[in-house]
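Visitor: Following is a predicted model, sequence given first.
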Amino acid sequence: MATHIKVIGVLFLVCGGMLAALAFFLPALLGLIATFVHSSGDPDAAVATTVLGFTGAALSIFFGVLALPFVATGWGMLKFKRWSRIAGIVLGALLLTQIPVGTAIGIYALVILFRKDAEALFTA
């Protein structure tokens, strides 16, 4: 059972890393698109560039904040911290909406974390 908990911890760390990468690279991509839009010479290009800039900043903050619980829970699972089981259940339930890979990870996390022998690992 301890191996399953560690696998879930690593999966949560990978999910958090991917969200952090998205938080970093998405604004760069939108900035590149904004550069092309600005160079088009359209009179509305300044407005579109501003909107793309604010959207990139907002998405960066959103995905960065979303990455934090995944990284923290993944670390807690690897260390068998008591609080990480409940956080893992919550994050596993949230992952169910991310079809198809997130759903598979969420089901796996929920099935393992609701078992009595997994609960015993976190109370020790």
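Guide: Cool, the structure landed. Numbers count the residues shown, from 1 in each chain.

Visitor: mind listing what's buried in stretch 91-108?
Guide: Using 16 or more other C-beta atoms under 10 Å as the burial criterion, the residues of stretch 91-108 that qualify are 91-92, 95, 105-106, 108. Where you see a C-beta, it was placed from the backbone N, CA and C, and this is true even at glycine.

Visitor: got it, and stretch 56-65?
Guide: Those would be 56, 59-60, 63, for stretch 56-65 by 16+ other C-beta under 10 Å.

Visitor: Among those, list the two that are farthest apart in space.
Guide: Among these, the pair separated by the greatest distance (C-beta to C-beta) is 56 and 63, at 10.8 Å.

Visitor: Now residue 106: closest residue in space that isn't a chain neighbour?
Guide: residue 95 (3.4 Å; C-beta to C-beta, 6 or more residues apart in numbering).

Visitor: before we move on, what about residue 10?
Guide: residue 74 (6.8 Å).

Visitor: Which elements pack onto the helix ranked longest in the chain?
Guide: In the chain, taking DSSP state H as the definition, the longest helix is helix 2-38. If you count contacts as 3 or more C-beta pairs under 8 Å, 6 or more residues apart in numbering; DSSP states H and E, helix 2-38 packs onto helix 45-78, helix 82-95, helix 101-113, helix 116-123.

Visitor: For residue 35, find the nearest of these.
Guide: helix 45-78 (8.2 Å).

Visitor: Let me see the mean pLDDT of the closest one.
Guide: Averaged over helix 45-78, pLDDT sits at 94.

Visitor: and what of stretch 105-124?
Guide: 91.

Visitor: re the thing from before, measure the residue nearest to residue 106 to residue 70 for me?
Guide: Going from residue 95 to residue 70 by C-beta to C-beta, to the nearest Å gives 9 Å.
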